[in-house]
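>>> Everything below, folded, please.
(2 chains)
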There are 2 protein chains.
Amino acid sequence: MHASIITIGDEILIGQIVDTNSAWMAQKLNEVGISVAEIRSVGDDKDQIICAIQELLKSTDYIFMTGGLGPTNDDITKKVLCEMLNCDLVLNQDALANVKELLGRRGIDINENNHNQAMVPHKAEVFVNILGTAPGMMFRFDKKLLFSMPGVPFEMQHLMTNHFIPQIKNSSVPQKIFHKTILTTGLPEAILAEKLSNWENSLPEDIKLAYLPSPGYIRLRLSLYDASDDLLKTLEHKVVELKSIIPNNFINDQNLNPDQLVAELLAKLNKTLSTAESCTGGKIASIITSRPGSSSIFKGSVVAYDNDVKIDVLGVDSVLVEKYGAVSSQVVEQMASGVRRLLKTDYALATSGIAGPDGGTPEKPVGTAWIALATPIKVVSRKLLLFKQREFNIIGASNAAILMLVDELRSSSLD
Amino acid sequence: MHASIITIGDEILIGQIVDTNSAWMAQKLNEVGISVAEIRSVGDDKDQIICAIQELLKSTDYIFMTGGLGPTNDDITKKVLCEMLNCDLVLNQDALANVKELLGRRGIDINENNHNQAMVPHKAEVFVNILGTAPGMMFRFDKKLLFSMPGVPFEMQHLMTNHFIPQIKNSSVPQKIFHKTILTTGLPEAILAEKLSNWENSLPEDIKLAYLPSPGYIRLRLSLYDASDDLLKTLEHKVVELKSIIPNNFINDQNLNPDQLVAELLAKLNKTLSTAESCTGGKIASIITSRPGSSSIFKGSVVAYDNDVKIDVLGVDSVLVEKYGAVSSQVVEQMASGVRRLLKTDYALATSGIAGPDGGTPEKPVGTAWIALATPIKVVSRKLLLFKQREFNIIGASNAAILMLVDELRSSSLD
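You can find the predicted model right below:
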C-alpha cells in the first residue's frame, strides 16, 4: 500500500515555514507498513490542490493532506473539497461542541469564524480534534482514502496517532517494511563507501543501502520493502559483518541519534551530565532537554558566551584566556571541569569555537572549535575543523561533543 | 517566471530527515522575483525522478533539484539525467581539481568514489562547489533551465547563492513579488480575524492576506505578485490602517521574528541579555545565539534544569522552592534576578514550567509555565497555559519570554 502527502499553504512555497509535518507523517506511516511514494507542497490555490489530489489518487492508495483548514479566508481546503466532490458544507454538532469546549476553557465566546470551523463537507467522515478547532476529515474514493487535517503540527500529530493511523490499520494489509539504521562516526562518506564496497556488493538485491550523512556522523540505512523471515536473518547477518569491517566506527544499529544514545547510556549507568557552552550557545542543552525524561540525566548548563562568564562563573583562569584565547584546549578543558564542579555532575561537556560568519583569524579560521569532556577521573579535549556555515558549525560541534561522551560511556559500560 | 523544486531521497520519504532545503530555496527565489509553484519530494528511483522532471518542465520555467549526487551507489541523479538526456558521463577537470584540493587539505588521497564525483553528464554546464565534492550542474531545455545540486544544506546554499541565483538574474525579467509580513501577538487567530474582518474585506483583490500562526504569535502576510507603485502605496496605507485597529497587538511590519527583533532592539539600546532556563532547557539561548553577531548583546545563560542548580548557582531561596514549587512566580523571578546579577547583564529572562509529557499535577498540569523578566529596576513574571506537547511547550515558552522582553524594550526605546 502506498501513500502520498500533500501539504497546502503559500507559506511553504515562499519559504516562510519549513514543512516538518511530512517527515513526521512519513515516519509514522512507515511504522505501520505504508510506504510514502511522494510528497507535494502546493499553494492556497484551488486548481493546484485539485490537480494534486487527482494525480495522486491515481498513483497512491492513501492521501494525507495538511493545511488550509484555519478560520481565515486564505484557508480554502474545505471549499475546494466541496467543489471537487460536488457537495455542501454542513454543521457538524460534535465539532461544534469541541469548539465551544476549547474556547470555553479559555473564557472566550464563540464567534462566526469559530462557528465556521465546525462546518464540514457533507461527504466527510469527521474526527474531532480535541487540540484545535479544525476537525480531521476522511473522504472515500472507491477503495482509496483521502485524509484532511490542520497544518498545526501537534494537531496533525494528534489526529494521525489517535484517529487516522488506527483507521488505516483496520482497512489495509500492510506491506512488511523494515529499516535498520546504523550510526557510524569518524570516516568521511567516500572513505566509508570504499571500505564497505565489497560488503555492499554482497548485499542481496532486496536489501537496499543508503548513506545519510549528518554533521559529525553518517547513518547507514538498510531497507527491506517486503521482508520475509529469511531476508530478516540475512539482514542481521550483514549487520554483524558490517560491524566487523568498521569496528571502531560502528556505534550502534538501533536507529538512535547520538543524543538519544547518550541519554540511554547515562540512564543505564545512573550518571548525570552538565554542559558549558560557548560556540554552541545552548544547543547541546537544548538537544538533550528536547527529549522527555531528560531531567534524570541532565542537571543543567552554563552558556558562557562572554569571556567574563567563563572566568567569573566557570572559574576559568583569566591568564589562560589572555594567553591562549578562548578557543583553546586550555580554556575549554577548564570550562568542562568548571561546570562539572559547579553543577555537581558525573560528566561535563564544553565547547568553544568560532561559529562564524565573523570572528575568524588566519590561525583560527571560522569553523575552528575545541570540545572537552570532564569525567570523574580526567579531562580530555579535541580540536575540530568544521566548515564555514554558522548553523553547520554549531550543530557539528554539538554532535562531536555528544559523540565524545558516547565513546567514553561505551567503554565505561563495557568495563 | 515560475520555479519548482524537486528534492530527491528515500530518507525524505521515510521521514528520516526534514527537508529544510526547499524553504531556504523558496525564500531566496522569492527575493529575486521568482515564485515557487510546487515542491515535490521523490525517492531514489529513476522513474519517479524522470516523471517529476517531465511534469514540472511543462508547468514551470526553472526546476531546482537537490540530492542524489553523493559518492555512493544509492545516489542516482547523474545516471538518471544521462538516460533522460541520452548522453554520457564525462570527466570534468575543474570538478576533479576541486575534489583533489578538498581532500588534500585533510590529507586524504583521492579514491575511485571521489574520482567519480567529478564525472558529469556531458550536456551539463558545471559549477564548481568549493564546499563539497559534488559539483552543481545546469541543463537547458529550450528556454527552461534545470539545476541540480547536492542535498547537503550548506553546499546547496553555496551553489544557489554564488552560481544559480546570479545565473537566473541574468536570464530572466523578474516578476515584482512583494511580501509584507506583520508580527502580532496577544490575540488568538479567530479573534484576530474577527477584528480584522472589515479591513480584510477592504483590501484590493491584488493584495492577498494570509495568517501564519506560531506558538505565541501570529504573523500576517500581505502579498503582491505583480506590484505597481500604486499598489505598493495602497499596501503601505493598509498597514497603517491595520496598526490603528490593533495598536496593542501590532508588534512590527519588518518581517522580523521575535528573536530578531529582540536582538535589534538590544543592539540599538546597547544593552545585554542573559537567561536562566529551566523548562526551555537552553532553547532561548540557542535561538538567540543562532544569529550571527549575537555575542554583542547576549552574555550567556544558566540552564537550571535541576533544582540544586537554581539554588546553588542562581541563588534561588530553597525555602521558596519548597513552599511554592519550582514552577511558581516566586522561583522564576528569583531565577531572573539571579542570572542577571551573576552574568552582569542589563536584562534577564527566566523560565520554569512543565514541558511534559510527564510531571503534571492537577494544580499544575503539563503546559503550565512561568516566565520572568528582570530589568535594571524591576522583576516581573507571567503565567502561561500552553498545550500538551513537549516541543510546542518549549518553543511556546521561549517565544513568550522573548516577546515579554520585546514589549519592555519597545517602551524603553520610545521613552
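
>>> is chain B contacted by the helix or strand of chain A with the lowest mean pLDDT?
Least confident helix or strand, chain A: strand A:208-214 with a mean of 83, by mean pLDDT, DSSP states H and E. Yes: counting by Cβ under 8 Å from any Cβ of the partner chain, chain B is contacted by strand A:208-214 at A:208, A:209, A:210, A:211, A:212, A:213. C-beta coordinates here come from the backbone N, C-alpha and C atoms, glycine included.

>>> roughly how far out does that strand sit from the chain middle?
Relative to its parent chain, strand A:208-214 has a centroid offset of 16 Å by Cα atoms, centre = their mean, to the nearest Å.

>>> residues making contact with it?
Here strand A:208-214 makes contact (Cβ atoms under 8 Å, 6 or more residues apart in numbering or on different chains) with A:181, A:189, A:192-193, A:200, A:203, A:218-225, A:395, A:399, B:9-11, B:16-17, B:44, B:70, B:72-75, B:152.

>>> Who does the closest residue to residue A:253 other than its chain neighbours form a beta bridge with?
Leaving aside its sequence neighbours, residue A:253 sits nearest to residue A:182 (Cβ to Cβ, 6 or more residues apart in numbering or on different chains; 4.6 Å). Per DSSP bridges, the residues bridged to residue A:182 are residue A:220.

>>> can you list the residues of the stretch 301-415 of chain A near chain B?
Within the stretch 301-415 of chain A, the positions near chain B by Cβ under 8 Å from any Cβ are A:301-306, A:308-309, A:312-313, A:342-344, A:356-358, A:387-392, A:394.

>>> List the buried residues in stretch A:127-144.
Of the residues in stretch A:127-144, A:127, A:128, A:129, A:131, A:132, A:133, A:134, A:135, A:136, A:137, A:138, A:139 count as buried by neighbour count, 16 or more other Cβ atoms under 10 Å in any protein chain shown.

>>> now do stretch A:323-330
A:325, A:326, A:327, A:328, A:329, A:330.

>>> nearest to chain B, of the residues you listed?
Nearest to chain B among the buried residues of stretch A:323-330 is residue A:326, at 10.6 Å by Cβ to the nearest Cβ.

>>> what sits against that closest one?
Taking Cβ under 8 Å, 6+ apart, we find residue A:326 in contact with A:278, A:307, A:310, A:352.

>>> Can you get me a residue count around the first one?
So the one you mean is residue A:278. For residue A:278, the tally of surrounding residues (other Cβ atoms under 10 Å in any protein chain shown) stands at 31.

>>> okay, now the nearest residue to it once chain neighbours are set aside: neighbour count?
Counting by Cβ to Cβ, 6+ apart, residue A:278 lies nearest to residue A:352, which is 4.2 Å off, once chain neighbours are set aside. Residues contacting residue A:352 under the criterion other Cβ under 10 Å number 31.

>>> residues contacting residue A:352?
Per Cβ under 8 Å, 6+ apart, neighbours of residue A:352: A:278, A:279, A:310, A:326, A:327, A:328, A:331, A:332, A:335, A:369, A:370.

>>> same check, this time on residue A:73
With Cβ under 8 Å, 6+ apart, residue A:73 has these contacts: B:193, B:200, B:209.

>>> Against residue A:79, how distant is it?
Applying Cβ to Cβ, to the nearest Å, the value for residue A:73 to residue A:79 is 10 Å.

>>> hmm, back to that, can you tell me which of the contacts of strand A:208-214 end up in helices?
The helices, defined by DSSP state H, take in A:189, A:192, A:193, A:200, A:395, A:399, B:10, B:11 from these.

>>> how about low-confidence regions in the stretch 51-200 of chain A?
For the stretch 51-200 of chain A, the stretches with pLDDT under 70 are A:106, A:172-175.

>>> Spell out which parts of it neighbour chain B.
Counting by Cβ under 8 Å from any Cβ, the residues of the stretch 51-200 of chain A lying close to chain B are A:70-74, A:106, A:108, A:111-114, A:117, A:131, A:133, A:152-154, A:157, A:179, A:181, A:188-191, A:193-194, A:200.

>>> Give me the buried subset of those residues.
Buried by 16+ other Cβ under 10 Å: A:70-74, A:111, A:113-114, A:117, A:131, A:133, A:152-154, A:157, A:179, A:181, A:188-191, A:193-194, A:200, out of these.

>>> Which pair of the contacts of residue A:326 spans the longest distance?
Greatest spatial distance among the contacts of residue A:326 (Cβ to Cβ): A:307 and A:352, at 9.8 Å.

>>> The one helix or strand residue A:288 maps to: what's the following helix or strand?
Using DSSP states H and E, residue A:288 sits in helix A:283-289. Toward the C-terminus, helix A:283-289 is succeeded by strand A:298-304 as the next helix or strand (DSSP H and E).
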